[in-house]
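Visitor: based on what follows, work out the 3D shape:
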Amino acid sequence: MPPAKCYAVQAMLVALLLLSSGCGPSALTPPSASSGSPAASSSPSRPPATSTPMRVLPSGRDINPLTGQPVADAALLKIPAVLISISHFPATARPQAGLSFAPYVYEFYITEGTTRYLAVFYGEFPAVESPVQGGCETRVGAMVQTATLVGNQVWFDSDRNGVQDPGERGIGGLCVNLYDARDNLIERTSTDSNGFYGFNVKPGKYSIEFVAPEYLAFTPSGAGNASSDSDADAVSGRAMVNIASDDLSIDAGLVPAPDSPLPTPDEASVPLAQVGPIRSGRLIYRHIAHYFENSCLMFASASPEELALLPQCLIVFHQISGGGFMLDLSEMRSVAKDNQRKARTEFDYSGNRFDAVPPAGGSSASTLLEFFAYQNQSGWHYDSASQSYLRYVDTSEYEQPGILHPEVDRLTGRQLHFENLIVLYAKHDVISPTNLDIHLDAGKSGKALLFRDGRVFDTTWATTSTKEEQTHAVHPIRFLGKDGQPAPLRPGHTWIVVVTPETTVEENEPGQWLLTFSQPEGAK
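Guide: Below is the predicted model:
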């Protein structure tokens, strides 16, 4: 490994480990070499050929086939997907607005050491949120399981029905205390930005106390099933538990207190109701948009050869300042509904299987670090409380290589967390030094790695077959297990990292994986 790259990877490992323990990293001294743009890396390893998966139908009318979860408004499932080209470079684009609302996000290489995102919005539109906060400092860092785990989420019960409905989000910074059977205080913690908390305990009887600030009160307890109701007593805020094995169903719902108004957010801190930043189109979009039938692709201009091939639902002004063009959420919704009216055929986004129970086997995977270039590094750390991976990014500053911090959604201020991470290997053709064609076209398949539940599994990916194309049975990319059956994704959101076949993903330490991108020959 070249010295500069080795140094940056070590810095990234240290930074992410510190973040997982709730501590902030300190800056390190970079090597003397300098570059105007991130320098790409290379390493050899080619995956084997794979097979084609079977079709899997969605499990209910109100279930989003891209998440396997119920939606707040089933009518939105009738609106075709909106695909938006989201900038990751320059770093002024960060934090991006809207990524936490996208069931799928594709991350891919665009040359010169930089990457871009294609966010797929379906079943829910992005929205501005000023999250309700508790009375403690918001916990930062992943919850690491070291014993029997108890916990899960504190949420804002907006309709006051005592049930955590789709679209009701967590409360960050709420104090949570753990007491033993004799009412001795054992441990204190607080919820993270998405409302999750957890304790490592020995089997036994405990009391979990949720401490509501004066402007919040508890919703009625026991109103739904164990996974969606509130367990906190409406008066004391305590939940009595008898723990024999892991229990991530101990939740608390809160509502505004009757005699104390919610704090009013500072007007200057409320984000603009916009999604983006939006940047130029790329050739890979034509394949992904094709598999999301009737979808609306939004991007900011493109080269002549790309424009000739890309569907053009909405092309916005190509703006570099601020990282790209910011699109009003009202216009996004309006264009999406107009596209729905123009759709001539039915669409079906099913094809992947979702299951809360992970498959057997796999290898431990608490961390995945991404090294695309010296100034383009990111990482994921598995959070046992939310059963998802938390995302971290660098600053892209040359003086701070691999120093990672939580990546948040500009619209909500919450850290990005995805239940599934998929590394998808695909052939990259160099059209010009700054223009790539990534082969996700019909009839293609290849190797993939699925990260879920703190483990990694070998899988394959496959696009719609040529025969299916002829019968207009088009579906999003599908993922298979070793047996050729659909690989079970965890219900929730999925982040797909598209890489070259030569890219390596190696376990450097137990449970810690490093993705080292190998750029295609001839790319700048």
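
Visitor: just checking, Ile284 touches Asp437?
Guide: Yes - with contact defined as C-beta atoms under 8 Å, Ile284 reaches Asp437; the gap is 7.5 Å. Any C-beta I mention is one placed from the backbone N, CA and C, and that applies to glycine too.

Visitor: between these two, who's got more neighbours?
Guide: Legend: neighbour count by other C-beta atoms under 10 Å for Ile284 and Asp437, higher for Ile284 (25 against 20).

Visitor: and that one, what does it touch?
Guide: Contacts for Ile284 (C-beta atoms under 8 Å, 6 or more residues apart in numbering) come out as Tyr106, Phe108, Leu118, Leu436, Asp437, Ile438, Leu440, Val498.

Visitor: ok, now which ones touch Val128?
Guide: Val128 makes contacts with Val270, Pro271, Leu272, Ala273, Leu329, Leu411, Thr412, as judged by C-beta under 8 Å, 6+ apart.

Visitor: please repeat the previous calculation with a cut-off of 7 Å.
Guide: Contacts for Val128 (C-beta atoms under 7 Å, 6 or more residues apart in numbering) come out as Val270, Pro271, Ala273, Leu411.

Visitor: let's have the residues you listed in CSV, adding pLDDT.
Guide: Shown next, in CSV, are these (pLDDT from 0 to 100):
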residue, pLDDT
Val270, 91
Pro271, 94
Ala273, 97
Leu411, 98
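
Visitor: which among the residues you listed end up buried?
Guide: Ala273, Leu411 (16 or more other C-beta atoms under 10 Å).

Visitor: quick check, nearest of the contacts of Val128 to Thr504?
Guide: Leu411 (34.8 Å; C-beta to C-beta).

Visitor: can I assume the closest one sits in a strand?
Guide: No - counting by DSSP: H, G, I helix; E, B strand; the rest coil, Leu411 is not found in a strand; it is coil.

Visitor: packing partners for the helix or strand Val154 falls within?
Guide: Following DSSP states H and E, one finds Val154 within strand 148-156. Applying 3 or more C-beta pairs under 7 Å, 6 or more residues apart in numbering; DSSP states H and E, one finds that strand 148-156 contacts strand 196-201, strand 238-243, strand 252-256.

Visitor: which parts of the stretch 251-400 of the chain are strands?
Guide: Using DSSP state E, counting those that start in this stretch, the strands assigned to the stretch 251-400 of the chain run over residues 252-256, 274-278, 296-299, 314-315, 325-328, 353-354, 363-364, 367-373, 376-383, 388-393.

Visitor: could I get the ones you listed as JSON lines with mean pLDDT?
Guide: Converted to JSON lines, the strands of the stretch 251-400 of the chain look like this (pLDDT from 0 to 100):
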{"stretch": "strand 252-256", "mean pLDDT": "97"}
{"stretch": "strand 274-278", "mean pLDDT": "97"}
{"stretch": "strand 296-299", "mean pLDDT": "98"}
{"stretch": "strand 314-315", "mean pLDDT": "96"}
{"stretch": "strand 325-328", "mean pLDDT": "97"}
{"stretch": "strand 353-354", "mean pLDDT": "97"}
{"stretch": "strand 363-364", "mean pLDDT": "98"}
{"stretch": "strand 367-373", "mean pLDDT": "98"}
{"stretch": "strand 376-383", "mean pLDDT": "98"}
{"stretch": "strand 388-393", "mean pLDDT": "98"}
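
Visitor: hang on, Phe218 packs against Ser236?
Guide: No - with contact defined as C-beta atoms under 7 Å, Phe218 does not reach Ser236; the gap is 8.7 Å.

Visitor: compare these two (neighbour count), which wins?
Guide: Phe218 (22 against 12).

Visitor: for His428, phi and psi?
Guide: The phi/psi pair for His428 (degrees, to the nearest 10) reads phi -110, psi 120.

Visitor: for it, give me its contacts.
Guide: Counted by C-beta under 7 Å, 6+ apart, His428 has contacts Leu436, Ile438, Thr500, Pro520.

Visitor: the last one - how many residues pack around it?
Guide: Right, the one you point to is Pro520. 19.

Visitor: now do the contacts for it.
Guide: Pro520 is in contact with His428, Val430, Leu436, Thr500, counting by C-beta under 7 Å, 6+ apart.

Visitor: repeat that for 10 Å
Guide: 40, 42, 109, 111, 427-430, 436-438, 500-502 (C-beta atoms under 10 Å, 6 or more residues apart in numbering).

Visitor: any idea which of the residues you listed is closest to Tyr291?
Guide: If you rank the contacts of Pro520 by distance to Tyr291 using C-beta to C-beta, Ile438 comes first, at 13.5 Å.

Visitor: my guess is the closest one contacts His287, does it?
Guide: Yes - look at Ile438 against His287 with C-beta atoms under 10 Å: they come within range, at 7.7 Å.

Visitor: helices of the stretch 201-350 of the chain, residue ranges please.
Guide: Per DSSP state H, counting those that start in this stretch, the stretch 201-350 of the chain carries helices over the ranges 284-291, 304-307, 329-342.

Visitor: in space, not sequence, find me the middle residue of this protein.
Guide: Geometric centre of the chain, nearest residue: Phe418, 3.3 Å, by C-alpha atoms, centre = their mean.

Visitor: beta partners for that residue?
Guide: Tyr389 (DSSP bridges).

Visitor: could you point out which residue ranges in this protein have low pLDDT?
Guide: 1-61, 466-472 (pLDDT under 70).

Visitor: redo that, cut-off 50
Guide: For the chain, applying pLDDT under 50 flags the ranges 3, 7, 14, 17-18, 21-59.

Visitor: what's the domain layout of it?
Guide: For the chain, the structural domains run 3-127+273-516, 148-256, going by automatic domain parsing.

Visitor: the ones you listed: which one's closest to Cys136?
Guide: Of the domains of the chain, the one closest to Cys136 (C-beta to C-beta) turns out to be domain 148-256, at 3.9 Å.

Visitor: contacts only, for the residue of the chain most remote from its centre.
Guide: Distance from the C-alpha centroid of the chain peaks at Arg182, with 40.6 Å (C-alpha atoms, centre = their mean). Arg182 is in contact with Lys205, Ser207, counting by C-beta under 10 Å, 6+ apart.

Visitor: quick one: neighbours of the spatially closest residue to Tyr109 that is not a sequence neighbour, just the number.
Guide: Nearest residue to Tyr109 in three dimensions, chain neighbours excluded: Thr115, at 5.6 Å (C-beta to C-beta, 6 or more residues apart in numbering). Thr115 has 21 neighbours, counted by other C-beta under 10 Å.

Visitor: return the distance of Thr115 relative to Cys313.
Guide: Distance of Thr115 to Cys313, computed by C-beta to C-beta, to the nearest Å: 23 Å.

Visitor: having no further points to raise, I will conclude here.
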